[in-house]
Structures are given as structure tokens and as C-alpha cells.
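[1] model the following, please.
(chains A, B, C and D)
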Protein chains: 2
Amino acid sequence: MATIKDVAKEANVSIATVSLVIHKHKRISLPTSQRVNKVIKKLNYHPSRSARGLVSQKTGNIGFILREDHFLRSEAFYTRIFLGTEFEARDYEYYVLLTTIPSGYSDKDRPPRFILEKNVDGIIIAGKVPDSIIRQVERYNLPLVFVDYYPPSNDHSVVLIDNISGGMVATRFLIKLKHKNIGFIAGDISHPSINDRFRGYRMAMENAGLEIFKKSYIIDENDTARENGYNAARKLLKQRNDITAVFACNDAMAIGAIQYFKENSISIPDNVSVIGFDDVEADISFDPTLSTVRVPKYEMGIEVMKLMSDMIKNGKGTKKKVLIPIDLIERNSTAELKIYK
Amino acid sequence: MATIKDVAKEANVSIATVSLVIHKHKRISLPTSQRVNKVIKKLNYHPSRSARGLVSQKTGNIGFILREDHFLRSEAFYTRIFLGTEFEARDYEYYVLLTTIPSGYSDKDRPPRFILEKNVDGIIIAGKVPDSIIRQVERYNLPLVFVDYYPPSNDHSVVLIDNISGGMVATRFLIKLKHKNIGFIAGDISHPSINDRFRGYRMAMENAGLEIFKKSYIIDENDTARENGYNAARKLLKQRNDITAVFACNDAMAIGAIQYFKENSISIPDNVSVIGFDDVEADISFDPTLSTVRVPKYEMGIEVMKLMSDMIKNGKGTKKKVLIPIDLIERNSTAELKIYK
DNA sequence: AAAATTTAGTTAAACGTTTAACTCAATATA
DNA sequence: TATATTGAGTTAAACGTTTAACTAAATTTT
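    Numbering: from 1, shown residues only, chains lettered A, B, ... in the order given. As a prediction, the model looks like this:
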């Protein structure tokens, strides 16, 4: 394959001129520029990434860090964020290098290889990760953006779902359906996103003048999988058997809860309305199809790449927070409260 | 960050020695090697990808090419293959650069950027792609492996599902359930994988001494989405209303078919058994849960990366074909034929 | 004891770019 | 007319490695 030297020779100029033409430097006259460009096309020349990277200290790559269990889990949540990033990256002429870190990442673990090898121009961290990896990454002083996680040290660029609004929208929707005894179930409550959804729930309830009994919510599950939803539903119903609607902090738990209700002959949505959060693939195959709050995952990926490109171009000073709006998706797991209840 | 020069100075050797130590060259004595390694650790030195890539003409990257509509579709089929590849790549110290190409890729389109920029050591092509991209890629003479697609020019390394076996296993399973009038529905029949599943169906039927009427199958749908399954089921039933079992070429079509059956008060599996192929996420949320042939997507990704590493190490001579075995997954959409029917 | 071989390194070129500093001719300014 | 400025390129250094070719000392062979 052709190198810059071949082009220079063929066009009868120095390699510097070729390089300047490529970068559209104004020092080069139009005729020369045109002549060189013609040769470039003729020889199908493209600058080598490695050579370019070596001298310019830009790799054209963005690192994408994801916790291993997030990466492996069957729901396509972070996968879709990644795909959005990947897709948007093409417009900025970047490639995205994906890597996973163990959930138990500690300060002694070595940072992702792409950082050590100076093979990325910036880093995206998706989802909740251990503090230690953040500290590690910060050391290398690369542009850093978070998506779907709000790190404890609050001074970074982030792309987040508007979880508080989402929590409010879901709860308000149930209220509009005349429900008053609305329960909330969650796991991993220390996660900022989950916490915000809970906050949204409480705010909506208060705004509507509905009291929140301590018995109205179960937030002590330590994970947000289906079985946690199942268990939480059981506990919730034991505490308060007059619940007519449940807002689950995510779809997996909502589906788990519905499974519990079904097994106990509680019909959805006739006896109890259930709404989830996320809008994962399974929702529409599930019976009943799940009402939920849609999280635009792909779009989040796009946004985070945009933000990254911005930081690289305009320096790390631009610390932005982007809140992605959510939509309510009404399906068959929610219904208006029956009067006779 | 430290460079090789810093290490050399600190260890009082030449940079060549440092390099040789890193590559465990036997020309270096043990004491020197140890001393240098200690300095490497102390300075947290790691060779730069770009510099290394420039001189060694190895980038440490593998290109992964996927058709755009495969990339964007909601089923996580190719995504999971990609994740498998990505995960396995870490063991070989590779990164995977993902790129998509338009479905209508033509000879005039420019090849993926990572090829032009000499930024990959090998190429994986996943799923069916236009011939033109294959021709394009072949030109650059890089190690090339296919996964889940068998290119027309049959002289490449490939990782495939054992589709014929899969088709036979599914059909034989229905036969074991006493079904005789077994229908087959498919779309995109020119796709080698689909075609093989059809072949498996026919072989199993013949082996069991069951005749295949032309009316037993619908293979003229041009895609394999849910609505194609829906339509195919309608057409199939119009041709032969004595069908008691249907083997769909993939889960999406199976689900579409079941939807049609449900809407027409044909109960699954009491009136008709349905089995799919792929084992996608939705299957277990669907009602009834779908019996299917499991395709180990993640494992395919792993296999293709292994094959790639092999080709890079041992030269392009090693043209292998790897057939990934499948499993039958029995769920609730299939049942033994009721006698009274 | 001289010659040949082995050991353990070093030197220097090369990989393919980018870019600051330089040159030389043409044009503008005093 | 001599001098300064501008225009359009060229030269050469630098980026951080790898590795073939070389060297000098130590060891082995004759």
C-alpha cells in the first residue's frame, strides 16, 4: 500500500507538502493542492494510524469502560448505549475500544490496557463502577465522561437519564389512574439512578397530597433482578395488603413482581397495576405487556460521544451535565382503579 | 508517562536492551533482565501502541464488520457474537474495532476506515454481507474469518452453526412427539443458514419416512421478521389445515406464527406445536415460552476470535471450518400430539 | 598461545507521519 | 534602489519503538 513518500514522489513535491495538503494548510497553493490530491486518489493513499498517532499523540480511539457483570447480563441496556456511542463515533472518525473491569476492581488492579499503551484519546465510563477505577483513570488525565452513572466526586461531565422526572412521571401516571395506595419497590438503593427514581416517586406522591407510609415501599433488596422483584412484591404485600399499584424501579423487578402476583392469583392489571422503568426488549413479549418509562439507551450513547468529542476539541474545561428526557409508555400492566375496590 | 528511554537511562542500559528484555530475548542475561524489569515496574512503563505498531506493522486490533441493519436490529444476535469476540480478544491482547456497512454496499463504496488506515491485523465478518465488501476486503490481503455466514467463494475460514443438525434435531423432536403433519416456514431462503435448516427438516422427515408435500412449507417470505412469520402461518394454514406442528426457521417467525394462531383461536401447544430456532431473549418472556434450538452466540464469538488468532500466528494457510453444536430447548410451545386429532 | 566461537550487550537505521524552522523568489514598502 | 514582507514550498527533527548488524569481552577449540 502507498505511503506518503510514494505520493510525494509521484506528485513531485516533498512529503511535507503532501501532509500539508491533507491538512488543508493554507500555505499550499490551489494548483499544487489539486495535483497532490489527484495523486492521493490515484494511489488510494490513506495516512497510517500508527504513524500519525505516534507523532501527533492522538490515537483516534475512545476507551469505553464497563463493569463485567453489566457487560454480561442478558438485558441489552449497556450494550445499546455502547452501540449508540459506536455509531456516533463514526461521524467523528473515532473508534471505540471496549473493555470490562471486574466488579471488585481495586486500587491494586492494573488499569485497562488501552490506557497504559496510550491507545485512547478519551474515556467513557458507563454505569456504576467502583471508585477505585475512577481514581485510577483520573491519574492519566484523559478527557473523561460518564454515562448512566453519577460519580461521587461530582466534578465530571455526565450523561444521565432524568430519573427524578421519570419517577415522577410514572407515579403521576398511576395517580391519574385514581390509585392512591401506590407502592414502590427497589434494589441497590444506593445507586444514584435508583435513588432518584425513589425521589421522583416521593415528590409526586407529596405533590398529589398522598401520604407515604413507611410500609409503602420495599427498598432493601440488594440487587434489581427479577427474583428481587418477586421477593419485594411478597414483602410489600405482607406489609400492606391494600396496595393497588406498584412502581418498580426497573423492568426486571416489575416482571418479577408480576410473576409473584400471578402465582398468588392477583390479576394484573385488574387487581394491581404495575409499572416498570427502562423499557427493555422483554417487556413487549411479556404477558401482560409492561407499562414502563422508556429510557432512550441508544440516544444516551450518542450524547455521550458528542460530549466526549466536545471535551477533546474544547479542552477539559467544558464540564457538562446532560439530562436525557424519558417517555411514559402505556401498555397492559396498568389500568384505572376499579371503584368497588 | 515514562518511555523506553527513561527506563534505559534509569537502568543504565541501551533502549535496545530494554526492548529485548520486554520481548524476553535470550540474548539478555538474567541479572540485567531482572534489573530492567524492576525499573519498568518502578516507572510504570508500558510500550506505546502507536510506536510499536509503526515499526512492527502490527496494530493489536481486529476489525469486526457487520451489516448496518444487523447491527441495529433489536434482537441481540450479532451483538452477542460481538461480545464473545470482544471478551475472548482480551486473552489474546487484541482490541476489536467494530464497524458497520450499509446493506447496499457496492464496489464503489470505500472500505472501512480501519483497513485504509492500516489499523487492524485481521478482519472478522459477521453475518451475511454483500459480495462486494468481501471482494474489497480480500484486496488488502488481511487474515479474514467469517462467522455465521458462508461466503459464496468457499475458500475462507468460517465459524458456523451446525444448521443442518439443528434443523434435523428440531424436526426429529416434533416427530418424537408423534406429529406427522409438520410444516416449515422460512424467509430469506437464499441465506445459507436458513437453507440448511430447511435441509435438516427435509432430511429428518425423509429419515422418518414422512412424505413432504409441497404444501407443507412456506419459504417465500423475503425476510425473517415477526410479521413474516405471521403471514407465513396464514398461508401455510390455508394450504394445509391438518398441520399439527410448525418448525419456524427462527424465533422471530415462530413468535409471529404463534401470534397468528392465537388470533385465530388455535391454541398453542394444544392444537399446534411450534418450535423456533436461535433462542433469543424474548423467548422466555413470551407466552407460551418458546421451544427452540439454542444457538450459542457468545461461544461463536469466542470461536471466531480463536480462529483469527490462529490465522495471524500460523499464517493464512490454516483455512478451517468450525461447526458449533446446537442444543434443543424444550419449553411450552410444543406438546405431544393429542390422539383425537 | 593463537584462532574461533559464544555471550551479552550496543549502535543505528527504519517504520510513516507532523510541524517548527528555514529558504528562496516574488512582491510591497520606504 | 535597497529593504522588508509575503507566498509557497522544503528540510530536518521528532514521535517511541523494533531489530539487523556490529562489537568487545569471555570462553572454547585447535
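[2] number of residues surrounding residue A:335?
    By the criterion of other Cβ atoms under 10 Å in any protein chain shown, residue A:335 has 19 neighbours. (Each C-beta comes from the backbone N, C-alpha and C, glycine too.)
[3] that one and residue A:273 touch, don't they?
    Yes: the pair residue A:335 and residue A:273 qualifies as a contact (Cβ atoms under 8 Å) at a distance of 5.7 Å.
[4] quick check: neighbours shared by these two?
    Common neighbours of residue A:335 and residue A:273 are listed as residue A:177 (criterion: Cβ atoms under 8 Å, 6 or more residues apart in numbering or on different chains).
[5] please report how far residue A:252 lies from residue A:173.
    20 Å (Cβ to Cβ, to the nearest Å).
[6] neighbour-wise, which of these two wins?
    More neighbours surround residue A:252 than the other of residue A:252 and residue A:173, with 26 against 20 (other Cβ under 10 Å).
[7] what sits against the more buried one?
    A:75, A:224-226, A:228-229, A:276, A:278, A:280.
[8] tell me which element it falls in.
    Secondary structure from DSSP states H and E places residue A:252 in helix A:251-263.
[9] next structured bit after that helix?
    Next along from helix A:251-263, by DSSP H and E: strand A:273-275.
[10] so is that next one next to chain B?
    No: Strand A:273-275 stays clear of chain B (Cβ under 8 Å from any Cβ of the partner chain), getting no nearer than 14.5 Å.
[11] let me see the ranges of the strands in chain A.
    Secondary structure of chain A (DSSP state E): strands located at A:61-67, A:95-101, A:122-126, A:144-147, A:157-161, A:182-187, A:217-221, A:245-248, A:273-275, A:292-294, A:321-324, A:327-329.
[12] and the stretch 101-250 of chain A, which residues reach chain B?
    With Cβ under 8 Å from any Cβ as the criterion, the stretch 101-250 of chain A comes near chain B at residues A:113-114, A:116-119, A:140.
[13] can I get the residues you listed in a markdown table including pLDDT and neighbour count?
    Shown next, in a markdown table, are these (pLDDT from 0 to 100; neighbours: other Cβ atoms under 10 Å in any protein chain shown):
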| residue | pLDDT | neighbour count |
| --- | --- | --- |
| A:113 | 95 | 18 |
| A:114 | 96 | 22 |
| A:116 | 95 | 17 |
| A:117 | 95 | 20 |
| A:118 | 95 | 21 |
| A:119 | 96 | 25 |
| A:140 | 93 | 14 |
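[14] which one of these is nearest DNA strand C?
    Distance to DNA strand C, by Cβ to the nearest atom of the strand, is smallest for residue A:118 among those, at 13.9 Å.
[15] and the nearest residue to the closest one once chain neighbours are set aside, what does it touch?
    Excluding its sequence neighbours, the residue lying closest to residue A:118 (Cβ to Cβ, 6 or more residues apart in numbering or on different chains) is residue B:48, at 4.9 Å. By Cβ under 8 Å, 6+ apart, the residues touching residue B:48 are A:54, A:117-119, B:3.
[16] mind doing that once more with 10 Å?
    Residue B:48 is in contact with A:50, A:53-54, A:57, A:59, A:116-119, B:1, B:3-4, B:54, counting by Cβ atoms under 10 Å, 6 or more residues apart in numbering or on different chains.
[17] may I have the phi/psi pair for it?
    Backbone dihedrals for residue B:48, given as degrees, to the nearest 10, come out at phi -80, psi 130.
[18] now do the longest helix along chain A: distance to the chain's middle.
    Criterion DSSP state H: the longest helix present in chain A is helix A:297-314. Remark: helix A:297-314 is offset 11 Å from the chain centroid, using Cα atoms, centre = their mean, to the nearest Å.
[19] any part of that helix near chain B?
    Yes: Helix A:297-314 lies within reach of chain B by Cβ under 10 Å from any Cβ of the partner chain, at residue A:298.
[20] buried residues, that helix. List them.
    For helix A:297-314, a neighbour-count test (16 or more other Cβ atoms under 10 Å in any protein chain shown) marks A:297-312 as buried.
[21] okay, angle between it and strand A:61-67 too, please.
    Put simply, helix A:297-314 runs at 130 degrees to strand A:61-67, going by axes from the mean of the first three to the mean of the last three Cα atoms, to 10 degrees.
[22] just the helices in the stretch 51-200 of chain A please.
    A:68-72, A:77-91, A:113-116, A:131-139, A:163-176, A:192-207 (DSSP state H, counting those that start in this stretch).
[23] any residue of the first one touching chain B?
    By that I understand helix A:68-72. Yes: on the criterion Cβ under 10 Å from any Cβ, helix A:68-72 is in touch with chain B at A:68, A:71-72.
[24] most neighbours of all the residues you listed, which one?
    For the residues of helix A:68-72 next to chain B, the largest number of neighbours (other Cβ under 10 Å) sits with residue A:71, at 19 neighbours.
[25] report pLDDT for that residue.
    Here, the pLDDT recorded for residue A:71 equals 85.
[26] surely it meets residue A:129?
    No: if you go by Cβ atoms under 10 Å, residue A:71 and residue A:129 don't touch, sitting 11.6 Å apart.
[27] between these two, which contacts overlap?
    What both residue A:71 and residue A:129 touch, as defined by Cβ under 10 Å, 6+ apart, is the set residue A:101.
[28] rewinding a little: just say which of the strands of chain A is most tucked in.
    Mean neighbour count (mean count of other Cβ atoms under 10 Å in any protein chain shown) peaks for strand A:245-248 among these, with a mean of 30.
[29] now residue A:92: phi and psi?
    Torsion angles at residue A:92 (phi, psi; degrees, to the nearest 10) stand at phi -100, psi 10.
[30] am I right that it is in contact with residue A:307?
    No: applying Cβ under 10 Å, one finds residue A:92 not in contact with residue A:307, separated by 11.3 Å.
[31] tell me the contacts of residue A:156?
    Contacts of residue A:156 (Cβ under 10 Å, 6+ apart): A:125, A:134, A:138, A:144-146, A:149-150, A:316, A:319-321.
[32] anything in the longest helix of chain A near DNA strand C?
    No: contact between helix A:297-314 and DNA strand C is absent, the nearest approach being 14.2 Å (criterion: Cβ under 7 Å from any atom of the strand).
[33] sorry, back to before: CSV for the contacts of residue B:48, including distance to residue A:204?
    Formatted as CSV, the contacts of residue B:48 follow (distance: Cβ to Cβ, whole Å):
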residue, distance to residue A:204
A:50, 55
A:53, 51
A:54, 56
A:57, 50
A:59, 46
A:116, 47
A:117, 49
A:118, 48
A:119, 46
B:1, 50
B:3, 57
B:4, 60
B:54, 58
